[in-house]
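1. how does the following fold in three dimensions:
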Amino acid sequence: MSLLCGGPVKGLLCDITGVLRESSSTDDGIPIPGSIEAITNLEKNGVKCKYVTNESQCTRADLHAKLLRLGFCMPEESIMPPALAAKQYIKQNNLRPHLLVHPNVLPDFEDLSKDDPNCVVLGDAVDLFNYENLNTVFRLIKEKNCEFISLGKGKYYREDGSLTLDVGPFTAGLEFACGKEAVVCGKPDKQFFKAGWESMNLSCEEVVMVGDDIISDVGGAQKAGIRGVLVRTGKYTSADENHDQVKPDLIVDNLAALADIIIAHNKTFS
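-> Residues are numbered from 1 along each chain as shown. All right, here's what the predicted structure looks like:
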C-alpha cells in the first residue's frame, strides 16, 4: 500500500533515535535537521504524535529530559519505551525479574520484587553483556524455566556515527540456546504498535509508523497492520531500499520530508 493511496493520516508513531536525533554515548546527541520543526508542523496540522522507541539505556524521564534539552517539545507520557511495557507485563503476571539491563534503566524496575526470580529481563546492557552475566541468564531460563522477556529485538543502531549491536542478537542467541522464545516488549512486537495507536484513540488505518530500522520499525508496523515509512537517516543504508522481505510504503530523506507529504496528503481530504 502506498502512503498516498491510503486515507488521511491522523496519527504518527515515530521512532526517536535515528529519526528525531542522532545518538551519542557521551551526551544527548544532536537533532536530525528539520525534525524539531517537522513535529511542530504535524501537530499544528492536527496529526497526533506518539514516540515508540526501543531505547533501553535510560528511563523514560531521562529520555524525555534529553529531548527537551535538544529543543523538542512533547509530554513525557507521549514516549513509549519498552521498559515500562515490560514492567506492566511483569506486574500483570506476578513475576519477579532478574535484570540484565543497562544500569541507567534500573529505576524503572526499582519497585518490583526481585527475590527468587521467575523471569529474566534482557535490555541493551552494553558492557554488561559479558559471558558470566549471559551464562547466568541462560541458566535461569534453561534450568529454572524462568520466563524470558526482551526489551525489543532490534539488531543494531547507530551511535557516535558507528553501527552498534542492539539487544536483538543476544536475545536470539539465548532463544537458540534455551529453546525458548522471548516475550518481546517493544518493536517489532505487534502489541507494542497496537498500544501506540490505541493510546491516540485511532484505528490502525489512520496511523503511519516512521523509523530508520527496516525490520523492527517498517516491517513490524506493516505486520501490525499500519503503513510503514523508512527514513534515510540514522542507521539507514542504501541496501534497505531493496530489502528482500520488507517493502516500505514510502521512503523519504528525513522526517521533515515526511511531514510535508502527510500535511499535503491530508489536505486532499479537507
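2. all contacts plus neighbour counts: C-alpha atoms, from now on.
-> Noted.
3. can you give me the helices for the stretch 151-270 of the chain?
-> 168-178, 190-199, 220-224, 255-267 (DSSP state H, counting those that start in this stretch).
4. pretty sure E147 sits against V137.
-> No - with contact defined as CA atoms under 8 Å, E147 does not reach V137; the gap is 10.6 Å.
5. residues shared between the contacts of those two?
-> Contact with both E147 and V137 is made by residues V120, according to CA atoms under 8 Å, 6 or more residues apart in numbering.
6. and the pLDDT at the closest residue in space to C204 that isn't next to it in sequence?
-> Computed as CA to CA, 6 or more residues apart in numbering, the closest residue to C204 that is not its neighbour in sequence is I226, at 5.4 Å. I226 carries a pLDDT value of 95.
7. what does the one 4 residues further on give?
-> We have a pLDDT of 98 for L230.
8. so N94, which of the three states?
-> coil (DSSP: H, G, I helix; E, B strand; the rest coil).
9. would you mind measuring from it to P75?
-> For N94, the distance to P75 (CA to CA, to the nearest Å) stands at 30 Å.
10. more neighbours, the two?
-> N94 (13 against 10; other CA atoms under 10 Å).
11. that one and L100, how far apart?
-> Per CA to CA, N94 is found 19 Å from L100.
12. which neighbouring elements make contact with the lowest-mean-pLDDT helix or strand in the chain?
-> Least confident helix or strand, the chain: strand 156-159 with a mean of 91, by mean pLDDT, DSSP states H and E. Other helices and strands packing on strand 156-159, by 3 or more CA pairs under 8 Å, 6 or more residues apart in numbering; DSSP states H and E, are strand 162-165.
13. what average pLDDT does the strand it packs on get?
-> Here the average pLDDT along strand 162-165 is 93.
14. okay, now the sheet partners of it, with direction.
-> Taking DSSP bridges as the criterion, strand 162-165 sits next to strand 156-159 (antiparallel) in its sheet.
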